[in-house]
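J.: here is my input; please provide its structure:
(4 chains)
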Number of protein chains: 2
Amino acid sequence: MTSRHTRNKQENRQGNDARLPLTGWAVLGLLSFRGERTGYELKKWADSSLRFFYWSPAISQIYAELRRLEALGYAMSRCSGAEEPRATRRYTITESGRGALAAWADGAGDPGAPVLKHPLVLRVWLGHLAAPDTLRALVERHIERTRGELKEVRDARLRAARVAEWEFPRVALGWSERQHLAELELAEAMLADLDRLAAARRRPPTGGA
Amino acid sequence: MTSRHTRNKQENRQGNDARLPLTGWAVLGLLSFRGERTGYELKKWADSSLRFFYWSPAISQIYAELRRLEALGYAMSRCSGAEEPRATRRYTITESGRGALAAWADGAGDPGAPVLKHPLVLRVWLGHLAAPDTLRALVERHIERTRGELKEVRDARLRAARVAEWEFPRVALGWSERQHLAELELAEAMLADLDRLAAARRRPPTGGA
DNA sequence: GTGTACATGTAATCCGTTACATGATTCC
DNA sequence: GGAATCATGTAACGGATTACATGTACAC
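T.: Now for the predicted structure:
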């Protein structure tokens, strides 16, 4: 709860240290895999892969991030059809952008702790206020959802397996697949805990734990 | 169709549906376990328990949320030492607040999908831009950090084990403990993947995958 | 008398979402 | 002609953080 070391923030002009939010690096990363993409395409790509281990920004956020990357000289855009409004705009990563991304990716700095917000567990935490069946149903629905996600992760990993250069995305997706399996196990273990708790409550609270 | 005063949103006075952000319910939940706490105390409590499965809001956020809860009639505050500025202010949950919290906790509505943002995996995803040693070091540091967290979760669970009424927090913390164990295994599996990948790269890419 | 923990709050700012507005193309 | 998908963007807003401002109590 105390102060950290100071650092200025408004000094990201060109080329120097330019601290982007992680989302910025993520978008630049998407751009680095495949050349000349529209924001719309990047969004779909994020939805079908990035979101499993990181997050898929809203489309409007992606557009904003792309504009920022271009302002920094990390990306270039080419607008189809002269200067009409609403023409499709395709972005490419620049050399400068590739350099900055590589420097970021290879940096030794702390990537930051994982952020985990689990609304289901939050509900369980307040379980004494809910009926046992409510909780059970919630957990079961979560298990169903996770199974669905798991399928999607697998598909994504299989797709990635077909492109030789996507070795690292493949590792990330492999991590994600195992993560989803673990999530299933965790939910099932919690279900068992809840059942045990409900059973203990139905009996008069005589003996031990 | 265009009637003015139909659904303005600043009309959540008392008792009706009052949709809070999850953070609001979390803070109200903290308040529901222990009566008469200061914002500062709630923050520490969140840091040592809530954050393992959900999240610990910034202290300023907690103060803001407490003010909102009071405005909704879900909490009351009592200010020590008359009307001095900067006196300590203790909050209590009200009956109305307890009712609203219970209704929320027992609701069948979707609690929302878990949010997982894993900056480390994001880095791995872009691993082709980094030196193998950089990644290894990152993952190993993450393992160390997770081990530390695991210890803290265990402490929290042991503390919770001493209070009989904290059965559900105990379940949540049990989930969290297993989650941290899983996180360790995931990181180790990823490390193995990375090593395999690095080894394959050192050899000429002759045969199959 | 200095540092640390306790304690509260404001201001600026940013990140990100939702809702809205617009329009082209394609398929039926 | 109408729906779905592709495609881009603006506006309003809310959630949350950081930095800052302020002050007490207590230990050393």
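
J.: could you use CA atoms for every contact and neighbour count after this?
T.: OK.

J.: and DNA strand C, is the helix-or-strand element of chain A with minimal mean pLDDT touching that?
T.: Lowest mean confidence among the helices and strands of chain A (mean pLDDT, DSSP states H and E): strand A:75-79, at a mean of 92. No - Strand A:75-79 lies out of reach of DNA strand C by C-alpha under 7 Å from any atom of the strand, never closer than 13.4 Å.

J.: stretch A:28-40 now?
T.: No - against DNA strand C, stretch A:28-40 shows no contacts by C-alpha under 7 Å from any atom of the strand, the least distance being 10.8 Å.

J.: how about stretch A:46-64?
T.: Yes - applying C-alpha under 7 Å from any atom of the strand, one finds that stretch A:46-64 is in contact with DNA strand C at A:56-61.

J.: please name every helix or strand in contact with the helix or strand that the least confident helix or strand of chain A is followed by.
T.: Under the assignment DSSP states H and E, the closest C-terminal helix or strand after strand A:75-79 is strand A:89-93. Packed against strand A:89-93, as judged by 3 or more C-alpha pairs under 8 Å, 6 or more residues apart in numbering or on different chains; DSSP states H and E, are the following elements: helix A:22-33, helix A:39-45, strand A:75-79.

J.: strand A:89-93 versus helix A:22-33: what angle between them?
T.: Here strand A:89-93 runs at an angle of 90 degrees relative to helix A:22-33 (axes from the mean of the first three to the mean of the last three C-alpha atoms, to 10 degrees).

J.: need the pLDDT of A:Met87.
T.: Check again: residue A:87 is Ala, not Met. Listed pLDDT for A:Ala87 reads 79.

J.: hmm, it is touching A:Arg78, no?
T.: No - judged on C-alpha atoms under 8 Å, A:Ala87 makes no contact with A:Arg78 at a distance of 10.0 Å.

J.: the nearest residue to A:Ser48 once chain neighbours are set aside is in what secondary structure piece?
T.: Using C-alpha to C-alpha, 6 or more residues apart in numbering or on different chains and skipping residues adjacent in sequence, the residue nearest A:Ser48 is A:Ala156, 6.7 Å away. Here A:Ala156, judged by DSSP H and E, is contained in helix A:132-161.

J.: pull out the buried residues from that helix.
T.: Neighbour-count burial for helix A:132-161 flags A:132, A:134-136, A:138-139, A:142-143, A:146-147, A:150, A:152-154, A:156-157, A:160 (criterion: 16 or more other C-alpha atoms under 10 Å in any protein chain shown).

J.: sorry, back to before: put the alpha carbons of the least confident helix or strand of chain A into CSV.
T.: Only the C-alpha atoms of strand A:75-79 are listed here, as CSV (Å, rounded to 0.1, in the frame of the first residue of the first chain):
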residue,chain,number,x,y,z
ALA,A,75,2.0,-0.3,-38.0
MET,A,76,1.1,1.1,-41.4
SER,A,77,-2.3,1.1,-43.0
ARG,A,78,-3.4,1.1,-46.6
CYS,A,79,-6.9,2.2,-47.5
